[in-house]
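Q: After the sequence you'll find the predicted model.
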Amino acid sequence: MDKRQIVAADSSRTEIPGKFEWDYMKNPVSLTGFPWYAQLFMKSHVEIESDPIVWNRIESLIRSKLPPL
C-alpha cells in the first residue's frame, strides 16, 4: 500500500471524495490577520484555512451530496 494513500477507518460510514494537493510555494495565499506564531508554527493549517479555492471545493463537494432546492 502507498504510504500516502488515504484510507477510511470505517469505509461503510466514510466516503473519501478524492485526494487533492496544493502547492503554496507556487500559489501562496495571504495569511493576513493570523498572529505571527500561527504563521510560523501552524503555517500549513493556516494556509489551508485561508485558501478560498479549498473552501470552494469543500462547498462544492458538500452541495453535490445535498438534495436539490
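A: Thanks, I have it. Predicted model, so just to flag it, every value in this text is computed and none were measured.
Q: alpha carbons only for contacts and neighbour counts from here, please
A: OK.
Q: can you give me the helices for the protein?
A: 36-41, 43-50, 52-65 (DSSP state H).
Q: Just the CA atoms from the second one would do, formatted as PDB, please.
A: Taking Å, rounded to 0.1, in the frame of the first residue of the first chain, the C-alpha atoms of helix 43-50 are listed here in PDB:
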ATOM      1  CA  LYS A  43       1.600  27.600   8.500                       C
ATOM      2  CA  SER A  44       0.300  24.600   6.600                       C
ATOM      3  CA  HIS A  45      -3.000  24.700   8.500                       C
ATOM      4  CA  VAL A  46      -3.400  28.400   8.300                       C
ATOM      5  CA  GLU A  47      -2.700  28.300   4.500                       C
ATOM      6  CA  ILE A  48      -5.500  25.800   4.000                       C
ATOM      7  CA  GLU A  49      -7.800  27.700   6.300                       C
ATOM      8  CA  SER A  50      -7.200  30.900   4.400                       C
END
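Q: thinking again about what came up before, okay if I get the helices of the chain as JSON lines plus distance to residue 11, mean neighbour count and mean pLDDT?
A: Listed next are these as JSON lines, based on distance: least, CA to CA, whole Å; neighbours: other CA atoms under 10 Å; pLDDT from 0 to 100:
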{"stretch": "helix 36-41", "distance to residue 11": "33", "mean neighbour count": "12", "mean pLDDT": "96"}
{"stretch": "helix 43-50", "distance to residue 11": "25", "mean neighbour count": "15", "mean pLDDT": "94"}
{"stretch": "helix 52-65", "distance to residue 11": "17", "mean neighbour count": "12", "mean pLDDT": "92"}
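Q: now the nearest residue to residue 38 once chain neighbours are set aside: how far from residue 21?
A: With sequence-adjacent residues excluded and distances taken as CA to CA, 6 or more residues apart in numbering, residue 38 is closest to residue 46, at 7.1 Å. Distance, residue 46 to residue 21, by CA to CA, to the nearest Å: 15 Å.
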